[in-house]
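Chemist: Quick one: sequence and predicted model below, then my questions.
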Amino acid sequence: MKKILLFVAMVLFCGTGMAQQERFLVFEFMKVPNDQEMNYWETETFWEKIHAERLKSGEIKGWDLWSLKPGGTEQGYQYVTVTIYDDPVKALSDGDVWSAAKKAYPNMSDEELRKALHDGEKSRELSKRMFLKVIKTTDDNFKMDIGTVMRMNFMEATNGKTDEYEKAEINLFLPMHQERVEAGTMSHWALARVLMPSGSKVPTTHMTFDMFKDYLHYFDTYGRNEVFNVDAETQMKIDEAVKTRDLNWTYLGTLKKTVK
C-alpha cells in the first residue's frame, strides 16, 4: 500500500512540475531597410538551421520569426525574432552558437562560416532586445503554424500598481480570454512580465499576446468590434483595472518561420 501511495505521489509531483514549467522569452526587434529585405530573409533562413541544432541540443525550446505591421521605416521595427527557453540562465547566456553552426553547415569551412555569420549582420539592425517571463496563458492546445497572427500589446504598469495590474489580467481578463478561446474567437492569450531592461525610463513593463489562426480569424473578431457582454459590476472592475496600466503600442505580427 505504501508503495502504491508513493508511486501516486511521484506521478502527481511530476505532472505538476510539467504543468508549471516556466517559459522565458528573448525578443529581438529588427530594423530592416527596404533595400535589404531579400538579404535579411536569406540571413534568417541561414540562422533557421542553426536554431534547429540549438533545439536538438536542448539549449532552446523554440524560435520564431515574425513580420510586423505597421512596421514602416518610420514606425519602428519590421521584424521580431522570439527565442523560447525553459531556463533563465540559458536565456541570458550566449550559448554555443558556433558549435550549432558547425553542425548545421558541416561542409562549410570555418572561414566561410564566419563570413556568412558576419555578412548576415549587415542586412538588419538589432534595435531592441527584451527578456520576458511568461506569467499566465489560456488553457488550450493551439499550435502556431506559419501564417499565425499575433497582436502584441506593449503595456506599462502605472507606478506602484504592478501587482494590481497583474492581478487584474489574471483574475479579471484571463477568464474572459478563456471564454473567447473556447468560443473560437481567439486561439490563445498570454501575459508576460518584462524582466530586462528595467527602470523608470523603460516604457514597457509587460506584454500581452492575442493569437489568431490567420488574418481572417483576426478580423472576424476585431473587425466586428467584438465586445464582452458583462454586467454593471464587472464593467466597473474593468474600468478600474484599465487605470492600472497604459497601452503604449500595439503591433500585429505574422509568423514567417518557426523552429519547434
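Modeler: That came through, no problem.
Chemist: in the stretch 151-260 of the chain, which spans are helices?
Modeler: For the stretch 151-260 of the chain, the helices defined by DSSP state H, counting those that start in this stretch cover 162-167, 174-183, 215-222, 232-242.
Chemist: How about the third one, which residues are buried there?
Modeler: Buried positions in helix 215-222, judged by neighbour count with 16 or more other CB atoms under 10 Å: H217, Y218, T221. Just so you know, the C-beta spots here come from the backbone N, C-alpha and C atoms, and that holds for glycine as well.
Chemist: K213 is in contact with the last one, correct?
Modeler: In other words, T221. No. Under the criterion of CB atoms under 8 Å, T221 makes no contact with K213, lying 10.8 Å away.
Chemist: Contacts for whatever helix or strand A116 lives in next, please.
Modeler: Using DSSP states H and E, A116 sits within helix 110-120. Contact partners of helix 110-120, identified using CB atoms under 8 Å, 6 or more residues apart in numbering, comprise T43, F46, W47, A101, K102, Y105, M108.
Chemist: A helix includes E59, no?
Modeler: No. Read with DSSP: H, G, I helix; E, B strand; the rest coil, E59 is coil and lies in no helix.
Chemist: Parallel or antiparallel, list what pairs with the longest strand seen in the chain.
Modeler: Secondary structure assigned by DSSP state E gives strand 245-259 as the longest strand of the chain. Applying DSSP bridges, strand 245-259 is found paired with strand 62-69 (antiparallel), strand 149-157 (antiparallel).
Chemist: Quick one: residues contacting the residue lying closest to W189 once chain neighbours are set aside.
Modeler: Of all residues not flanking W189 in the chain, H177 sits nearest, at 4.0 Å (CB to CB, 6 or more residues apart in numbering). Neighbouring residues of H177 by CB under 8 Å, 6+ apart: T138, M186, W189, D210.
Chemist: Equivalent analysis for F24, please.
Modeler: Contact analysis of F24 by CB under 8 Å, 6+ apart lists I84, Y85, D86, D87, P88, K90, A91, F131, L132, K133, V134, L195.
Chemist: okay, the residues you listed in TSV with pLDDT next?
Modeler: Formatted as TSV, these follow (pLDDT from 0 to 100):
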residue	pLDDT
I84	97
Y85	97
D86	96
D87	94
P88	94
K90	93
A91	93
F131	97
L132	98
K133	98
V134	98
L195	95
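Chemist: can the residues you listed go into JSON lines with extra columns for secondary structure?
Modeler: JSON lines is the format used below for these (three-state DSSP):
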{"residue": "I84", "secondary structure": "strand"}
{"residue": "Y85", "secondary structure": "strand"}
{"residue": "D86", "secondary structure": "coil"}
{"residue": "D87", "secondary structure": "coil"}
{"residue": "P88", "secondary structure": "helix"}
{"residue": "K90", "secondary structure": "helix"}
{"residue": "A91", "secondary structure": "helix"}
{"residue": "F131", "secondary structure": "strand"}
{"residue": "L132", "secondary structure": "strand"}
{"residue": "K133", "secondary structure": "strand"}
{"residue": "V134", "secondary structure": "strand"}
{"residue": "L195", "secondary structure": "strand"}
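Chemist: Right, I'll call it a day here.
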